[in-house]
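S.K.: I'd like to go over a predicted model; first the sequence, then the structure.
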Amino acid sequence: MKITKLQTQLVNLPLDKPIKTAIHNMQSVGCVLVSIHSNEGLVGEGYCFALNAVRLKAFDDIVKSLAPMIEGQDTDFIEGIWENIYQSLNAMGRSGMTIGALAAVDTALWDLQGKALNKPLHRLFGACRDSIKTYASSGLWLSQNIDELCAEADDFIKQGFQSMKIRLGKPTWQEDIERVKAVRETIGDNIELLSDANQSLSTKHAIRLGRELEAYNVGWFEEPVDSENLAGHAEIRKKLDINIASGETEYTRFGMKAMLDNKACDILMPDLQRMGGLTEMRKVASLAASYHVPISSHIFTEQSLCIAGSAPNCISVEHMSWFEALFNEKMEIENGDLLIPERVGTGFTFNQDAISKYIF
């Protein structure tokens, strides 16, 4: 089977309301939707995104620039296509939009392969489970007041979540702890509570805050300091009992290896877009396993489920609802777990009727 055409669509999905973390102000997520067509009529789908649709057309241009390296190729040669594109990016740099563009193409190629072989990707990769723990991540933002946090936490439980994540990064650690305390009292002791500082703290501030978080049975302390501050990550990890989760801002296996070599985290968080797609994300899962480090995937919930279903060291996936409008199919939660779809490919297909409302 041969690849005949690469197509893109630009959409901008508005968030329900503007939200903030310690380092982000977000109103929408702009997406480049990638469709890869074959000579047998099958189509593979993937996407990359930019917060607030910033530089989305530049992102699209990079994706389109990869078409000559894809069109006419045998659909089985996914690893070879990935490597050829990766090598071609040497002059532009192997991070940022270039890797994001590769990720969208690579994911679409794997989706096409799964459809061609009539298999879900987690089974094609070698399945290890049919469901995975998830945590609610589409809320508990820094911009919300305590009453709003508690109401949303209660709503997450009603939706079936047994784990959720709160954002940190207020000017003082006391303010953050007040918010964590209120949410913990709302959800009780049996619901997992995770935390994310979004790289906003100094090392000393993070250590002080982390010590206080331990009293509220917080499952992990995510990105406490700047992602490039691996020494800071390692120092915080050494001085706290709470698990340090990080890695979502690293690119490809080489960025992840630096984090692992520096002992910068207890839980590695690969992001499908920054990894460069499913080809590389599978390698990162294996790399982390060789260091005896678990992984938990970042965003891209729908497309990452096939990794969760085939990587034994994957302990959870982030449930992010931002992209649900793109797809015909819906994610299913059962007893706090996400079910890994038994549909072919990634198990999710673009909903063109819905997409037409968000054309950019």
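M.R.: Okay, I see it.
S.K.: can you tell me how far Gly46 sits from Trp110?
M.R.: With the distance defined as C-beta to C-beta, to the nearest Å, Gly46 ends up 8 Å from Trp110. In short, each C-beta sits where N, CA and C put it, glycine included.
S.K.: now list whatever residues contact both of those two.
M.R.: Shared contacts of Gly46 and Trp110, defined by C-beta atoms under 8 Å, 6 or more residues apart in numbering, comprise Gly277.
S.K.: neighbour count winner among these two?
M.R.: Gly46 (28 against 25; other C-beta atoms under 10 Å).
S.K.: is it true that that one touches Val34?
M.R.: Yes - the criterion here is C-beta atoms under 8 Å, and Gly46 meets it with Val34 at 4.8 Å.
S.K.: can you show me the strands along the stretch 151-300 of the chain?
M.R.: 163-167, 192-196, 218-222, 243-246, 267-268, 295-297 (DSSP state E, counting those that start in this stretch).
S.K.: quick one: which of those is nearest Ile132?
M.R.: Using C-beta to C-beta as the measure, strand 295-297 is the one of those that comes nearest Ile132, at 9.0 Å.
S.K.: give the rounded mean pLDDT of the closest one.
M.R.: Strand 295-297 carries an average pLDDT of 98.
S.K.: packing partners for it?
M.R.: Contact partners of strand 295-297 among helices and strands, from 3 or more C-beta pairs under 8 Å, 6 or more residues apart in numbering; DSSP states H and E: strand 267-268, helix 278-290, helix 301-308, strand 314-319.
S.K.: tell me, what's touching Gly46 and Val34 both at once?
M.R.: Common contacts of Gly46 and Val34, defined by C-beta under 8 Å, 6+ apart, comprise 104-105, 107-108.
S.K.: out of those, who's nearest Tyr86?
M.R.: Comparing the shared contacts of Gly46 and Val34 against Tyr86 with C-beta to C-beta places Val105 closest, at 11.1 Å.
S.K.: any idea how far Gly41 is from Asn118?
M.R.: From Gly41 across to Asn118, the span is 14 Å (C-beta to C-beta).
S.K.: what's around Phe254, how many residues?
M.R.: For Phe254, the tally of surrounding residues (other C-beta under 10 Å) stands at 13.
S.K.: check which residues of stretch 57-71 are buried.
M.R.: 59-60, 62-63, 66-67, 70 (16 or more other C-beta atoms under 10 Å).
S.K.: these in helices, which ones?
M.R.: 59-60, 62-63 (DSSP state H).
S.K.: hmm, back to that, of the strands of the stretch 151-300 of the chain, which approaches Thr75 most closely?
M.R.: Per C-beta to C-beta, nearest to Thr75 of the strands of the stretch 151-300 of the chain: strand 295-297, 25.0 Å.
S.K.: still on that earlier bit, let's see if you can find the most crowded of the shared contacts of Gly46 and Val34.
M.R.: Within the shared contacts of Gly46 and Val34, most neighbours by other C-beta under 10 Å means Thr107, with 32 neighbours.
S.K.: for the nearest residue to Ile340 once chain neighbours are set aside, give me its contacts.
M.R.: Leaving aside its sequence neighbours, Ile340 sits nearest to Gly309 (C-beta to C-beta, 6 or more residues apart in numbering; 4.0 Å). Applying C-beta under 8 Å, 6+ apart, we find Gly309 in contact with 120-123, 125, 127-130, 132, 340.
S.K.: which one of the ones in helices among the buried residues of stretch 57-71 is nearest to Glu223?
M.R.: Phe59 (23.3 Å).
S.K.: test my guess that the closest one contacts Gly100.
M.R.: Yes - applying C-beta under 8 Å, one finds Phe59 in contact with Gly100, separated by 6.7 Å.
S.K.: which residues are common contacts for these two?
M.R.: In contact with both Phe59 and Gly100: Cys48, using C-beta under 8 Å, 6+ apart.
S.K.: neighbours of Gly210, how many?
M.R.: 24.
S.K.: wait, it sits on Phe221?
M.R.: Yes - the pair Gly210 and Phe221 passes the contact test of C-beta under 8 Å, sitting 5.2 Å apart.
S.K.: joint contacts of those two?
M.R.: Taking C-beta under 8 Å, 6+ apart as the contact rule, Gly210 and Phe221 both touch 236, 240, 242.
S.K.: what's the angle from the helix ranked longest in the chain to helix 278-290?
M.R.: When the chain is parsed with DSSP H, its longest helix is helix 97-117. Per axes from the mean of the first three to the mean of the last three C-alpha atoms, to 10 degrees, the angle that helix 97-117 makes with helix 278-290 is 100 degrees.
S.K.: tell me which helix or strand comes right after helix 97-117.
M.R.: Downstream of helix 97-117, the next assigned helix or strand under DSSP states H and E is helix 121-125.
S.K.: can you name every helix or strand that the helix or strand that that next one is followed by contacts?
M.R.: Once helix 121-125 ends, the next helix or strand along the chain (criterion: DSSP H and E) is strand 131-136. The contact analysis (3+ C-beta pairs under 8 Å, 6+ apart) places strand 131-136 against strand 163-167, helix 301-308, strand 314-319, strand 337-339.
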